[in-house]
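In: got a predicted structure plus its sequence, pasted below:
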Amino acid sequence: MTSSTTLAAPVPGRPVLDGLSSTQLMAHAGEVEQLSRQVEVARLEVALEWAITHPVVEASSSVLETPDQPGGAGTPEVAAFATDTLAVAMGIAPLVSSRLVADALDLSFRLPLLWDLTRALRIPAARARRVAGATRDLSAEGARWVDRQVAAASGRVSSAQLDRIVAHATAQFDPDALKTRQDRARETWGVDLHHPTPGDFAGTSTLTARGDSIDLARFHDVVNAEADTLAALGDTDTLGQRQAKALGVIAAQQAALDLTDLIAGQQCDDVQSDDRVAVRARALARSQVKVKLFLHASLPDLLTRGHDDLVGTADTLGPVTLAKVKEWVGHSRVTIVPVLHVAADDTWTVDRHDPPPRMAETVRLRDETCVFPRCGRHARGCDLDHITPYDTGPPDTGPPTESGGTTAANLAPLCRRHHRAKTSGAWTYQRLAPGTYLWTGPADIATLVTPDDVIDL
């Protein structure tokens, strides 16, 4: 039996894309995206209308006809099996239909600002639906708070930022749920050792640990310090291999309190024990865990509210209860940083390339994420880029010029990928105002990034 491949015939009405310039193709891509948004909005509107026109008429005495409430608190119940009927009509799975109805109800009744932006095609329906799903377990008040936060910066809220906003709302409007989640997570703590089957055993096993975030972070730093010590003393294995061997060093250190002469199980007589202790001490000092807990609150809140009501956010981790904060402060190097206001602009300049810590912190708190259009990567994982390249100038001309010097006004967080894109010349950008950046890319594509939105020009 033979088979042949036949190219599909052109689809009626399909635009001919061959021969389009980059500018024309980008314009067409924008039109396709708008059409896609219209279709997704129409699906949500159909689901919403279906739910509204199929209310619970009267409570049924039969357990088989229990009404559905696919949406969150504050949304109306829907007649039993109504979403299943819609699923058949749309040719989709019942679960998909139920989620579509739930998202439509939540957007209409709990997230009205986002619903308006979605219907205006300002944001993709998929993003709005993700907010609806993420806030379903929140109270109506909590959902409205998230609605305001996300809608105010709809063009710049990434998935990671949305997770942080929802977590903050949970801690603020339902602190008991946060405490319950912490207690449940604690029940999963443990350390497991897994050996391969005898037929697969090759002297390597797996150790996994789940526990307090700060405890594990501190232990991870101790492991890295021991790995650095091994490297400083001549071990040429990879970092991962040295980290694994460091576990053995730490275990033996606990048992014998003197493991300064072990590298790969061999004696190194040319390096004295005291030298090893000094190397380890320096490595440990460099890797001491410093946890920053940011308390986001207004000055009136700090003056009038009890501290039990404040929501602490552990840097890059998420919201934590005050009890957990106190527990961490008891045995870790923790800095409490009240974030009341970040100056829109800071004009002081330093005559060096790398910004001092206070300036770097100002920039990261000011912009929060990579400033490339719709990137959303957290600023703490980004490089701090000199918008106007740092200019050292000829040796006899003195310090760098203010326009290219290191100042908060000339710095912006860029993730490594978009830092490379800017450095390579594929993309350029300029700062128009605090938090506002104009990006220009290939084929003269231009995008304006503001503190609240991303605007394609």
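Out: Structure's in. What do you need?
In: so how far is V56 from the closest residue to D137 other than its chain neighbours?
Out: Here the nearest residue to D137 in space, its sequence neighbours aside, is G72; by CB to CB, 6 or more residues apart in numbering that works out to 7.0 Å. Just so you know, the C-beta spots here come from the backbone N, C-alpha and C atoms, and that holds for glycine as well. Counting by CB to CB, to the nearest Å, the gap between G72 and V56 amounts to 17 Å.
In: which residue of the two possesses the greater neighbour count?
Out: Neighbour totals were compared for G72 and V56, and G72 leads with 22 against 17 (other CB atoms under 10 Å).
In: quickly find the element holding the more buried one.
Out: Here G72, judged by DSSP states H and E, is contained in no helix and no strand.
In: and the gap between it and G376?
Out: G72 sits at a distance of 25 Å from G376 (criterion: CB to CB).
In: dihedrals phi and psi, the residue nearest to D137?
Out: Phi and psi for G72, reported as degrees, to the nearest 10, are phi -80, psi -170.
In: okay, and the residue nearest to the spatial centre of the chain sits in which element?
Out: Among the residues of the chain, A160 comes closest to the average C-alpha position under CA atoms, centre = their mean, at 2.7 Å. Using DSSP H and E, A160 falls within helix 159-173.
In: if we can go back for a sec, can you tell me which residues contact the residue nearest to the centre of the chain?
Out: Residues near A160 by CB atoms under 8 Å, 6 or more residues apart in numbering: G376, R377, H378.
In: in the sheet, who's paired with Y429?
Out: Note on Y429: beta-bridge partners by DSSP bridges are W439.
In: wait, doesn't it sit right on T436?
Out: No. Y429 is not in contact with T436 according to CB atoms under 8 Å; the separation is 10.5 Å.
In: those two: who's more crowded?
Out: Each of Y429 and T436 had its neighbours counted (other CB under 10 Å), and the higher figure belongs to Y429 (22 against 14).
In: can you give me the mean pLDDT across whichever strand or helix holds Q253?
Out: Remark: Q253 resides in helix 239-256, with elements defined by DSSP H and E. Across helix 239-256, pLDDT averages out at 83.
In: just checking, what packs against that helix?
Out: Counting by 3 or more CB pairs under 8 Å, 6 or more residues apart in numbering; DSSP states H and E, the packing neighbours recorded for helix 239-256 are helix 213-232.
In: pLDDT of stretch 19-32, averaged?
Out: 81.
In: distance from the chain centre to that stretch, please.
Out: 31 Å (CA atoms, centre = their mean, to the nearest Å).
In: equivalent analysis for stretch 176-186, please.
Out: Using CA atoms, centre = their mean, the distance between the centre of stretch 176-186 and that of its chain works out at 21 Å.
In: what residues sit buried inside that stretch?
Out: For stretch 176-186, the neighbour count (16 or more other CB atoms under 10 Å) marks L178 as buried.
In: mark out where each domain of this structure begins and ends.
Out: Listed by automatic domain parsing, the domain ranges of the chain are 28-55+67-155, 190-195+206-286, 290-339, 349-456.
In: I'd say the residue nearest to D137 and A134 touch.
Out: No. Taking contact to mean CB under 8 Å, the distance of 10.5 Å between G72 and A134 leaves them out of contact.
In: I'd like the next helix or strand past the helix holding A160.
Out: If you walk from helix 159-173 toward the C-terminus, the next helix or strand you reach (DSSP H and E) is helix 175-186.
In: how close does the nearest residue to R374 once chain neighbours are set aside sit to T208?
Out: Leaving out its chain neighbours, the residue that sits closest to R374 by CB to CB, 6+ apart is V454, at 5.5 Å. With distances taken as CB to CB, V454 is found 40 Å from T208.
In: so if I had to pick from these two, which one is more boxed in?
Out: V454 (18 against 9).
In: tell me where this structure has strands.
Out: For the chain, strands defined by DSSP state E occupy the ranges 190-194, 206-210, 290-296, 312-314, 318-320, 333-339, 349-350, 383-386, 406-407, 411-414, 428-433, 436-440, 446-449, 454-456.
In: sheet partners, orientation included, of the second one?
Out: Which is strand 206-210. So strand 206-210, judged by DSSP bridges, has these partners: strand 190-194 (antiparallel).
In: how about low-confidence regions in the stretch 201-350 of the chain?
Out: Under the criterion pLDDT under 70, the flagged ranges of the stretch 201-350 of the chain are 254-347.
In: rerun at 80
Out: By pLDDT under 80, the low-scoring segments of the stretch 201-350 of the chain are 201-202, 252-350.
In: redo the domains of the chain as CSV? Include distance to G19.
Out: Supplementary listing: the domains of the chain in CSV, determined by distance: least, CB to CB, whole Å:
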stretch, distance to G19
domain 28-55+67-155, 12
domain 190-195+206-286, 51
domain 290-339, 48
domain 349-456, 15
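In: so which of those comes closest to T180?
Out: Ranking the domains of the chain by distance to T180, with CB to CB as the measure, places domain 290-339 first at 10.5 Å.
In: list phi and psi for S424.
Out: In this entry, S424 is assigned phi and psi values of phi -70, psi -20 (degrees, to the nearest 10).
In: next, count neighbours for it.
Out: By the measure other CB under 10 Å, the count of residues near S424 is 8.
In: measure it to G376 for me?
Out: Distance, S424 to G376, using CB to CB: 21 Å.
In: before we move on, what about T180?
Out: 29 Å.
In: do the same with T362
Out: In this view, T362 and G376 are 20 Å apart by CB to CB.
In: do the same with D192
Out: Here D192 is placed at a distance of 34 Å from G376 (CB to CB).
In: compare those two (neighbour count), which wins?
Out: A direct count of neighbours by other CB under 10 Å for D192 and G376 places G376 higher, at 17 against 9.
In: for that one, give me its contacts.
Out: Counting by CB under 8 Å, 6+ apart, the residues that G376 touches are R156, V157, S158, S159, A160, Q161, T369, C370.
In: ok, so of the residues you listed, who is nearest F201?
Out: Of all those, the one sitting nearest F201 is A160; the distance, using CB to CB, is 39.8 Å.
In: residue ranges for the helices of the stretch 351-457 of the chain, please.
Out: Taking DSSP state H, counting those that start in this stretch as the criterion, the stretch 351-457 of the chain contains helices spanning 357-367, 416-423.
In: out of those helices, deepest packed?
Out: Neighbour counts averaged per stretch over the helices of the stretch 351-457 of the chain are highest for helix 357-367, at a mean of 18; criterion: mean count of other CB atoms under 10 Å.
In: for it, the averaged confidence score.
Out: The predicted confidence, averaged over helix 357-367, sits at 84.
In: buried ones in the helix holding Q253?
Out: R242, Q243, K245, A246, V249, I250, Q253.
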